[in-house]
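K.L.:
Starting from these lines, generate the structure:
(chains A and B)
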Amino acid sequence: MAQELGFLKESASQTAGPYVHIGLTPNFLGIEGVYPQDLGIAMVNDKTKGERITIEGSIIDGTGTTLKDALIEIWQADAAGLYPSPNETRGKADPDFTGWGRNAPDMTTGEFSFETIKPGPVPFFDGRPQAPHVTFWIVARGINIGLHTRLYFPDEEKANETDPILSRIEHRNRVPTLIAKKSSKGKYRFDIRLQGEGETIFFDI
Amino acid sequence: MTANFPRPAGGYFARDRQWHPPAYTPGYKTSVARSPHRALISLDNTLSEMTGPVFGHNILGEFDNDLLRNYARPGESPIGERIIVHGRVLDENGRPVPDALVEFWQANASGRYRHKKESYQAPLDPNFGGCGRTLTDADGRYYLRTVKPGPYPWPNGPNDWRPAHIHFSIFGRAFAQRLITQMYFEGDPLIPLCPIVRTIPSPDAVNQLVAALDMSNTIPMDSRAYKFDIVLRGRRSTPFENRMEGN
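P.N.:
Numbers count the residues shown, from 1 in each chain, chains lettered A, B, ... in the order given. Next up is the predicted model:
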C-alpha cells in the first residue's frame, strides 16, 4: 500500500436533458421575468474590434435527423488572439468582446447562429501558432457528457496546414469535419454530425 | 513574463472517462443515435481550453437563487416542500472555486417542467418558473432556495421514472472545466432504477451526486436543507514554471 493521493473526483456528468433551456435560456423558452435577458446572447457590441462574422449550422444525429433540443456554447479569442479571462496572461483582451456565446437552436429548424468576430491566432503550449479557431461545447438530451469540438476557418488554409492540432490528426479524411464552409461574405456554416458518416471530430480536452 | 510565448503552468487533470458516463448507453435510448462512435481525440490543453468566461455579480438579480420568489406572484409562493440546497464548488485538488457561475433548473413539486415539449399531466404551478443561478463566494460556497422537485415518468422504457433531481450547470475558471450534472436526494428509492443515473458506471460516482439531508442547516419551521458539493477538474501544479493566476 502507498500513501493516499487525496484528490477528489470530478462530479460525474449527467445529460442536460430535454429541458436544458429552462435553466440556461429561459427567455428563449418564454419563461420571462426571471432574468432580463439570457446569458451569452450578445458577444459583440458596436465597438468590438475585428471582422464581423456569423456562424450558422445545425447538429445532426446518427440517423440524419437534426437536433431541435440542443444547447451550444462557443468560446473564442478576440481579434488579437487574446482571451477575456483571468488565465490570459499575455495582455488585456478587447473589453467590448465577451468571447463566449450561448445559443439554443431554433426549435423548428434546429438552426443555430452566433454573431461574433473572427478570432486571432492563439499560441499552442509550445509557442507555435494555432490556426484561428472557435471552441464549441454541445449538450442535449441523449448526450451524457458535453461534447467539445473546434471550428476552423476555410479561408485560413495556410494556418490550418501548420496548425499543431489539425496537422497531427491521423485520419486526414476527418479533418474537413472541423472546417466551416464559407456560405457568403462574413458567413460561415458549421454542421456538426454526432455519429456515422462524416462524424465530427470531438476532443478529449 | 520571461518567455515570449505563454506556456501554460499546468493543464487540467485528464478527465476520467471511466468515471463519467460513456457516450453510448443503450439503456438510455436517446443516447443511441446521439453518441459519437469514433474515439475522442486527445488535445493538450492550450489557452483555448485553460481560459473561460468570467461572470460578475452585475448579472445577478436579487432573487436569482430563490426559486420560491423569482417567478411567484407578489405575496404568493409555489406549492411544495421548501428546501435549501447549499454546498461548495471545489476542484479535484480540494480547493474552493470562487466566482463560479452555478445555474440550476428543475421540475415543480408535482414533477412538471415549465416547457413547451413537456407532456406529463401533472399541473404547472403558476408561482414556479423552475430556474435560478448564483455565483460562488470566496470559499466556493453557494446556496439556493426552492421546492423539492417531484419525480416524473418519461418516455424511455415503458415505465421509467426519473428520481427527484435538480440540474446543475457550472463554469469554473476554464472552459475545460465546463460541466453539467444532476443532483439527487438522499433516500430516493428511484435513484438506482433510473436509466440516466445508470449511465454512470461507478456506484461511488453516483453517490457523489446524491445530496445529503443536512439537519444542521435546516431552518426550523421554514425549510429543510440538503448539502451538495460539486467537484470540477483540478489543475496540475508545476513548481518549475511560473504559476498563473488561479492555480
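
K.L.:
quick one, helices of chain A?
P.N.:
A:20-24, A:26-29, A:157-162 (DSSP state H).

K.L.:
okay if I get these as a markdown table plus distance to A:Ile53?
P.N.:
Every residue, glycine included, has its C-beta placed from N, CA and C. Shown next, in a markdown table, are these (distance: least, Cβ to Cβ, whole Å):
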| stretch | distance to A:Ile53 |
| --- | --- |
| helix A:20-24 | 24 |
| helix A:26-29 | 22 |
| helix A:157-162 | 16 |
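
K.L.:
would you turn those helices into JSON lines with distance to chain B?
P.N.:
Output for the helices of chain A, formatted as JSON lines (distance: least, Cβ to the nearest Cβ, whole Å):
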{"stretch": "helix A:20-24", "distance to chain B": "3"}
{"stretch": "helix A:26-29", "distance to chain B": "5"}
{"stretch": "helix A:157-162", "distance to chain B": "14"}
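
K.L.:
Of those helices, which stretch is the most buried?
P.N.:
Sort the helices of chain A by mean neighbour count, taking mean count of other Cβ atoms under 10 Å in any protein chain shown, and helix A:20-24 sits at the top with a mean of 25.

K.L.:
could you dump the helices of chain A to CSV with mean pLDDT?
P.N.:
Shown next, in CSV, are the helices of chain A (pLDDT from 0 to 100):
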stretch, mean pLDDT
helix A:20-24, 98
helix A:26-29, 97
helix A:157-162, 97
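
K.L.:
so where's chain A uncertain?
P.N.:
Flagging of chain A using pLDDT under 70 yields an empty set of residue ranges.

K.L.:
need the longest strand for chain B.
P.N.:
strand B:82-91 (DSSP state E).

K.L.:
related to what we said a few turns ago, between the helices of chain A, which gets nearest to A:Gly120?
P.N.:
When those are compared by Cβ to Cβ, helix A:157-162 sits nearest A:Gly120, at 10.7 Å.

K.L.:
Could you list the residues in contact with the closest one?
P.N.:
Helix A:157-162 is contacted from outside by A:Pro121, A:Arg128, A:Pro129, A:Ala131, A:Pro132, A:Tyr152, A:Phe153, A:Leu166, A:Ser167, A:Ile179, using Cβ atoms under 8 Å, 6 or more residues apart in numbering or on different chains.

K.L.:
Give me the number of neighbouring residues for the residue nearest to the second one when sequence neighbours are not counted.
P.N.:
Right, A:Arg128. Counting by Cβ to Cβ, 6 or more residues apart in numbering or on different chains, A:Pro164 is the residue found nearest to A:Arg128 once chain neighbours are left out, at 5.2 Å. Neighbours of A:Pro164 under the rule other Cβ atoms under 10 Å in any protein chain shown: 18.

K.L.:
Contacts only, for B:His37.
P.N.:
Shown in contact with B:His37 (Cβ under 8 Å, 6+ apart): A:Gly62, A:Gln195, A:Gly196, A:Glu199, B:Tyr24.

K.L.:
change it to 6 Å
P.N.:
A:Gln195 (Cβ atoms under 6 Å, 6 or more residues apart in numbering or on different chains).

K.L.:
Next, it: phi, psi?
P.N.:
phi -90, psi -30 (degrees, to the nearest 10).

K.L.:
Bridged to the residue nearest in space to the middle of chain A, which residues?
P.N.:
Taking Cα atoms, centre = their mean, the centroid of chain A lies closest to A:Phe136, which sits 1.7 Å from it. Counting by DSSP bridges, A:Phe136 is bridged to A:Ile74, A:Thr149.

K.L.:
what about it, distance to A:Met1?
P.N.:
Using Cβ to Cβ, to the nearest Å, A:Phe136 is found at 44 Å from A:Met1.

K.L.:
just A:Thr149 next, same as before
P.N.:
Counting by Cβ to Cβ, the gap from A:Thr149 to A:Met1 is 41 Å.

K.L.:
in chain B, which ranges drop under the pLDDT threshold?
P.N.:
For chain B, counting by pLDDT under 70, the residues that fall below are B:1-9, B:238-247.
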